[in-house]
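Q: Sequence and predicted structure, then a few things I'm wondering about:
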Amino acid sequence: MTIIYLGILAAVLALVLWALVTSKKPSFQATAAMVIVPLLLRLLLIK
């Protein structure tokens with residue numbers, strides 16, 4: 001169950017990272033960066 005959760009989380013994190021890199025709007029990049037932090041902490045199993 002944890003493996004599936006981590007896989008889905010990694011996929012979502014990859015999509016947000018892709019959106020961060022390809023976006024030209026600074027406000028969207030800032031929002032994506034704020035979303036990346038909790039996703040990365042959950043992926044590393046840090047609560």
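A: Here it is on my side, so go on.
Q: can you tell me how far Ile4 sits from Ser27?
A: To Ser27, Ile4 is 33 Å away according to CB to CB, to the nearest Å. The way it works is simple: take the backbone N, C-alpha and C, and place the C-beta from them, glycine included.
Q: what residues are up against the residue nearest the centre of the chain?
A: Centroid-nearest residue in the chain, with CA atoms, centre = their mean: Leu13, separated by 2.9 Å. Going by CB atoms under 8 Å, 6 or more residues apart in numbering, Leu13 touches Ile36, Leu39, Leu40, Leu43.
Q: Show me which pair in the residues you listed is furthest apart.
A: Greatest spatial distance among these (CB to CB): Ile36 and Leu43, at 10.0 Å.
Q: From Leu43, how far off is Leu20?
A: In terms of CB to CB, Leu20 sits 15 Å off from Leu43.
Q: rewinding a little: closest to Leu9 out of the contacts of Leu13?
A: Closest to Leu9, out of all of the contacts of Leu13 and judged by CB to CB, is Leu43, at 5.3 Å.
Q: For burial, what's the neighbour tally of that closest one?
A: Leu43 has 14 neighbours, counted by other CB atoms under 10 Å.
Q: which residue sits closest to it, ignoring its sequence neighbours?
A: Distance criterion CB to CB, 6 or more residues apart in numbering; nearest residue to Leu43, sequence neighbours excluded, is Leu9 at 5.3 Å.
Q: Many thanks, we can stop here.
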